[in-house]
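1. Sharing a model prediction with you, sequence too.
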Amino acid sequence: MHTEQLNAVKRAAMSKGENRKLRSNGFASAVLYGKKLDPVLIKVSIHDFTQIITKSRSKEHSLIELDVEGQTYRCLIRDIQFDPVTDVVEHIDFLNVPEGYITTFKVAVNFIGTPVGVSYGGIFTTMIRELTLRGNPVKAPDVLEIDVSEMEIGGSKHIRDISVEGFEILEEERRTICSVVTPKTSSAALLDEDEEEDGEEEGTAETEQTKEE
């Protein structure tokens with residue numbers, strides 16, 4: 001995965017008023033944490049961070065090389081909080097990813113080509129725009145590209161139809177990624193069908209939650 005560069009400065013714990021003042025000066029509060037790393041309170045440029053999540057190929061799933069006053073950390077963006085009115089970044093959680101670290105993370109899906117079924121009146125419908133993987137994020141692709149050019153009307157791709165070498169895909173195998181449907185078939189109906197499949201799985205599936213320090 002391509003690494004984006006971002007500078008950060010350490011900060012003290014802040015009140016709501018101090019956070020508002022921080023944002024008015026162009027900075028967002030953030031925290032860096034991870035295995036064998038005590039949480040580090042930092043602030044980053046809202047402009048620089050927004051450039052990464054809007055213009056980089058991996059967007060909010062980017063791998064970040066975070067320079068904290070001369071000390072460098074390789075990180076994943078774990079959480080972003082936005083102002084509900086202005087949509088400006090307010091706070092970011094960064095997870096430190098040391099060499100060889102295995103964790104769960106998301107990768108965006110990029111569909112390649114135009115389905116042949118579209119030329120015959122079909123409608124290309126997507127149900128999944130990102131996948132959850134488990135593995136070493138450093139070795140992950142920036143985005144997962146799926147070729148849909150040969151899909152005909154009535155065709156669909158499911159999780160079971162794809163693989164990412166070296167990584168475990170955590171979504172249910174039966175979930176639909178995308179379909180080419182006739183105009184009379186609504187995407188809502190397809191989503192309902194997908195949810196029903198998930199419901200069937202929930203009755204028997206065992207859920208495993210991985211705790212990250």
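-> Looks like it arrived, so ask away.

2. Please, where are all the helices along this protein?
-> 16-24, 46-55, 187-202 (DSSP state H).

3. which residue lies farthest from the center of the chain?
-> Tyr120 (33.2 Å; C-alpha atoms, centre = their mean).

4. from what I can see that residue touches Gly154, true?
-> No: applying C-beta atoms under 8 Å, one finds Tyr120 not in contact with Gly154, separated by 10.7 Å. For every residue, glycine as well, the C-beta is placed using N, CA and C.

5. Report the mean confidence score over the lengthiest strand in the chain.
-> The longest strand of the chain (DSSP state E) is strand 71-82. Strand 71-82 shows a mean pLDDT of 95.

6. swap in stretch 28-39?
-> 94.

7. cool, stretch 141-156 as well?
-> 94.

8. which residues touch that stretch?
-> 1-2, 57-58, 107-117, 120-122, 124, 131, 157, 162, 164, 176-182 (C-beta atoms under 8 Å, 6 or more residues apart in numbering).

9. Quick one: buried ones out of the residues you listed?
-> The neighbour count (16 or more other C-beta atoms under 10 Å) marks 1, 58, 107-109, 111, 115-117, 122, 131, 157, 176-181 as buried among the contacts of stretch 141-156.

10. Show me which residues of stretch 146-154 are buried.
-> Applying 16+ other C-beta under 10 Å to stretch 146-154 flags 146, 148, 151, 153 as buried.

11. all strands of this protein, in order?
-> Assigned by DSSP E, the chain shows strands spanning 3-10, 27-34, 37-45, 63-68, 71-82, 89-96, 103-112, 123-126, 130-135, 143-147, 156-158, 168-169, 176-181.

12. quick one: low-confidence parts of this protein?
-> 185-213 (pLDDT under 70).

13. Which residue ranges make up the domains of this structure?
-> Domains of the chain are assigned by automatic domain parsing as 3-98, 104-202.

14. my guess is His65 contacts Asn7, does it?
-> That one is not His; residue 65 is Glu. No: judged on C-beta under 8 Å, Glu65 makes no contact with Asn7 at a distance of 9.9 Å.

15. what about stretch 165-179, distance to the chain center?
-> Centre-to-centre, stretch 165-179 and its host chain are 14 Å apart (C-alpha atoms, centre = their mean, to the nearest Å).

16. Name the residues of it that come out as buried.
-> 167, 169, 171-172, 175-179.

17. Closest one to His47 out of the residues you listed, please.
-> Phe167 (32.6 Å; C-beta to C-beta).

18. beta partners for the nearest residue to the closest one once chain neighbours are set aside?
-> With C-beta to C-beta, 6 or more residues apart in numbering as the criterion, Phe167 has its nearest non-adjacent residue at 3.9 Å, and that residue is Gly135. Listed beta-bridge partners, Gly135: Thr103 (assigned using DSSP bridges).
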